[in-house]
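J.: whatever this is, show me its structure:
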Amino acid sequence: MTLTPDRTWIAWTGMETDLIFNHGVELPHFAAFPMIDETEGRARLRGYAEALIAIGRETGAGMILDTPTWMANPDRAAPLGYAAKDLTRVTQEAVALLREMAARHLDVATRISVQIGPQGDGYQPGMAAADASASYHGPQIRAAAEAGADMVSAYTLGAAGEAIGIAKAAAEAGIPALIAFTVETDGRLADGTLLSEAVQRLAGATDPEAIMVNCAHPDHIANAFDGGEWEAHLAGIVANASRQSHAELDACDTLDDGDPEELGAQLAELQRSHPGLRVLGGCCGTDLRHLREIARQVSGVSA
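T.: Numbers count the residues shown, from 1 in each chain. Reported below is the predicted structural model:
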């Protein structure tokens with residue numbers, strides 16, 4: 001098991017909103033992966049990794065260090081001037097950078113994960129066909145395996161078919177996969193599918209390392225819970241700080257960073273009610289304050 005059950009693992013998928021709104025960094029097309037090709041960008045990525053590892057040392061939580069490659073697929077990278085052949089190099093260099101950081105801090109439990117995003121907009125229904133998804137995302141997944149990443153993490157998926165395809169491609173490449181759906185304020189996927197249905201379809205078709213939910217506030221995720229047996233399949237929640245809908249977030253020109261202490265308390269409570277949750281973390285609107293608070297509360301470390 002890649003994510004051992006002896007601790008809670010902390011994941012962060014909110015780096016882009018932190019860079020844009022809190023640090024004034026321009027990310028054309030919301031893509032962070034070009035930072036790998038920039039001296040300043042690499043320095044920022046190292047700084048984030050150091051800060052995340054420090055949270056792990058302080059709280060005892062495991063830290064998932066994700067590459068900045070959520071946008072690094074052919075359709076979404078093309079407007080930035082990156083060809084499909086460039087993305088393998090970017091993925092491999094991102095893994096190497098994070099592996100270098102983790103090697104400096106062997107006293108902290110870390111995992112290196114290649115982050116994968118949907119083919120298109122994460123707030124829209126995704127690829128419906130699993131076979132097409134496996135073929136499309138396969139090159140990035142194989143690059144992750146060849147680079148020696150511990151896992152791949154597919155986030156903000158709006159369709160069960162795309163999720164199944166990614167999970168199957170990861171299994172074929174021999175690398176564990178974390179697969180995360182996103183839900184609207186009503187707890188449904190963008191195409192209207194119940195989260196319960198999507199989770200059951202994924203669990204019935206393949207066996208990823210973890211099935212998760214991300215890019216939604218805990219209140220919205222809780223709207224999907226019905227006490228059904230499917231909830232036992234959920235292994236992670238990487239939540240938004242904001243209670244706003246996806247449409248509202250898209251229209252925002254200021255950051256809604258919510259309340260770090262409240263977010264930590266909500267996720268800790270969800271873990272108590274759903275003991276299978278072993279990955280927790282922050283997505284849009286979260287920063288290091290939120291991650292520290294989540295890790296502190298689930299680990300029982302005093303402020």
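J.: list the buried residues of the helix or strand of the chain with the lowest mean pLDDT.
T.: When the helices and strands of the chain are compared on mean pLDDT, DSSP states H and E, helix 246-251 comes out lowest with a mean of 78. Neighbour-count burial for helix 246-251, counted by 16 or more other Cβ atoms under 10 Å, picks out H246, L249. Heads up, the C-betas are built off the backbone N, CA and C, glycines and all.
J.: same check, this time on stretch 11-21
T.: A11, W12, T13, G14, M15, E16, T17, D18, L19, F21.
J.: and which of those is nearest to G236?
T.: A11 (7.1 Å; Cβ to Cβ).
J.: the host helix or strand of the closest one - contacts with which helices or strands?
T.: Following DSSP states H and E, one finds A11 within strand 9-12. Contacts defined by 3 or more Cβ pairs under 8 Å, 6 or more residues apart in numbering; DSSP states H and E place strand 9-12 against helix 39-59, strand 62-66, strand 234-239, strand 279-282, helix 288-299.
J.: which of the ones you listed sits closest to P28?
T.: Closest approach to P28 among these (Cβ to Cβ): helix 39-59, 12.6 Å.
J.: and the angle for that closest one with strand 62-66?
T.: Going by axes from the mean of the first three to the mean of the last three Cα atoms, to 10 degrees, helix 39-59 is angled at 170 degrees with respect to strand 62-66.
J.: to A268, which of the helices and strands packed on strand 9-12 lies closest?
T.: helix 288-299 (4.2 Å).
J.: hey, C-alpha coordinates of stretch 92-104 in PDB?
T.: The C-alpha trace of stretch 92-104 is given here as PDB (Å, rounded to 0.1, in the frame of the first residue of the first chain):
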ATOM      1  CA  GLN A  92      10.000  13.800 -15.500                       C
ATOM      2  CA  GLU A  93      11.700  17.000 -14.500                       C
ATOM      3  CA  ALA A  94       9.000  17.800 -12.000                       C
ATOM      4  CA  VAL A  95       9.300  14.400 -10.400                       C
ATOM      5  CA  ALA A  96      13.100  14.800 -10.200                       C
ATOM      6  CA  LEU A  97      12.700  18.200  -8.500                       C
ATOM      7  CA  LEU A  98      10.300  16.900  -5.800                       C
ATOM      8  CA  ARG A  99      12.400  13.700  -5.400                       C
ATOM      9  CA  GLU A 100      15.400  15.900  -4.700                       C
ATOM     10  CA  MET A 101      13.500  17.800  -2.000                       C
ATOM     11  CA  ALA A 102      12.100  14.700  -0.300                       C
ATOM     12  CA  ALA A 103      15.600  13.200  -0.200                       C
ATOM     13  CA  ARG A 104      16.700  16.100   2.000                       C
END
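J.: show me which residues of it are buried.
T.: Per 16+ other Cβ under 10 Å, stretch 92-104 contains these buried residues: Q92, E93, A94, V95, A96, L97, L98, R99, M101, A102.
J.: quick one: contacts of it?
T.: 33, 36, 42, 45-46, 49-50, 53, 65, 67-69, 110, 112, 114, 143-144, 146-149 (Cβ atoms under 8 Å, 6 or more residues apart in numbering).
J.: kindly recompute the last result at 6 Å.
T.: Contacts to stretch 92-104, defined as Cβ atoms under 6 Å, 6 or more residues apart in numbering, come from residues I36, A49, L65, T67, T69, T110, I112, A143, A147, A149.
J.: can you tell me the closest non-neighbouring residue to D191?
T.: P125 (3.7 Å; Cβ to Cβ, 6 or more residues apart in numbering).
J.: and what of T8?
T.: Once flanking residues are discounted, T8 sits nearest to V298: 4.6 Å by Cβ to Cβ, 6+ apart.
J.: identify the residues contacting the one you found.
T.: T8, A268, Q271.
J.: cutoff 10 Å now
T.: 7-10, 59-61, 264-265, 267-272, 277-278, 280 (Cβ atoms under 10 Å, 6 or more residues apart in numbering).
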